[in-house]
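Student: what follows is a protein structure lacking sequence information:
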């Protein structure tokens, strides 16, 4: 999927589409790609979060990540902010850096906190970040979503749209 021109909002649905419900992030991104409620936002589907995303992340005013989330029931949706903390604006995850500095070595893929940390470390900015997690029923090999996850796709799309709408400034008179 080609990125769309941005207004400061970046939506990244990521996961492995060959591991059943792990592929829910890219499916949600595909559903959002032409959604008029996200006009002006960049919407991307990705296999994983990579260091190459850090520059785009640093230029966004809002980052919405969509992924399968273990630890919640199949088909449940969890929306939460990834709050920055400490040096580099990293939240919920380990530091990116050299092992002797206490962080894991830089690899070809990152967790959300490490991606934010890399954006902050290299370009001095990390945006407000919202995670939209969908509980998987299966992470087995397969190229189809489970019925439980497929059934909540409209709710996952709505959760992303709501997160973006909540972050956009309201026009005068809107309340």
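Tutor: Right, received. Where do you want to start? A quick note: this is a predicted structure, and the numbers were derived from the prediction, not measured. Numbering: from 1, shown residues only.

Student: for stretch 47-59, what does the pLDDT average out to?
Tutor: Averaged across stretch 47-59, pLDDT comes to 94.

Student: what's the end-to-end length of it?
Tutor: Taking CA to CA, to the nearest Å, stretch 47-59 runs 21 Å from one end to the other.

Student: so which residues make contact with that stretch?
Tutor: Stretch 47-59 is contacted from outside by 3, 6, 8, 10, 12, 14-17, 26, 42, 46, 63, 65, 106, 108-112, 114-116, 118-120, 122-127, using CB atoms under 8 Å, 6 or more residues apart in numbering. Every residue, glycine included, has its C-beta placed from N, CA and C.

Student: out of the residues you listed, which are inside helices?
Tutor: Among the contacts of stretch 47-59, the members falling in helices (DSSP state H) are 26, 112, 114, 115, 116, 118, 119, 120, 122, 123.

Student: buried subset of those residues?
Tutor: Buried residues within these, defined by neighbour count using 16 or more other CB atoms under 10 Å: 26, 112, 114, 115, 116, 118, 119, 120.

Student: do you know how far the second one is from residue 144?
Tutor: Residue 112 sits 26 Å away from residue 144, going by CB to CB, to the nearest Å.

Student: again, but for the fifth one
Tutor: When distance is defined by CB to CB, residue 116 is 32 Å away from residue 144.

Student: same question, the last one
Tutor: Plainly put, residue 120 is 37 Å away from residue 144 if you go by CB to CB.

Student: also residue 27?
Tutor: 10 Å.

Student: quick one: which of those two has more around it?
Tutor: For the pair residue 27 and residue 144, the greater number of neighbours falls to residue 27 (22 against 12), based on other CB atoms under 10 Å.
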